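> Fold the following, please.
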Amino acid sequence: MESQQGDRQKRDRKFWIAMLAYGILAAVIWFTLGEGTVFVLGRPVEIRLIPLFIIGTFVFRTYIAREADKIRRSSENEAGKL
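Numbering: from 1, shown residues only. Take a look at the predicted model:
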């Protein structure tokens with residue numbers, strides 16, 4: 001039981017470290033890229049938003065993977081108790 005708690009804490013710590021890294025990367029992008037615009041699908045888009053959108057998809061993917069892992073582990077624990 002303690003091992004599972006320790007594993008969970010490690011996974012949570014890794015998740016928050018990843019979120020911090022994404023946040024730092026987003027801040028670096030925001031302050032480094034200029035204020036130019038590019039056309040995406042015929043519409044002007046601020047150039048800063050393109051890499052921020054990509055990082056946002058990584059954040060979303062990381063969050064979804066964490067939640068899926070929680071569900072998977074809880075169902076494994078339920079099956080182990082039966």
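> just the strands in this protein please.
37-40, 43-46 (DSSP state E).
> Columns distance to residue 30, mean neighbour count and mean pLDDT on top of these, output as JSON lines?
Heads up, the C-betas are built off the backbone N, CA and C, glycines and all. Formatted as JSON lines, those follow (distance: least, C-beta to C-beta, whole Å; neighbours: other C-beta atoms under 10 Å; pLDDT from 0 to 100):
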{"stretch": "strand 37-40", "distance to residue 30": "15", "mean neighbour count": "11", "mean pLDDT": "91"}
{"stretch": "strand 43-46", "distance to residue 30": "10", "mean neighbour count": "11", "mean pLDDT": "92"}
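> Let's have those strands in a markdown table, adding distance to residue 61.
Shown next, in a markdown table, are those (distance: least, C-beta to C-beta, whole Å):
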| stretch | distance to residue 61 |
| --- | --- |
| strand 37-40 | 21 |
| strand 43-46 | 22 |
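> between those, which gets nearest to residue 13?
Of all the strands of the chain, it is strand 43-46 that lies closest to residue 13, at 34.1 Å by C-beta to C-beta.
> Now do that closest one: which elements does it pack against?
Under the contact criterion of 3 or more C-beta pairs under 8 Å, 6 or more residues apart in numbering; DSSP states H and E, strand 43-46 touches strand 37-40.
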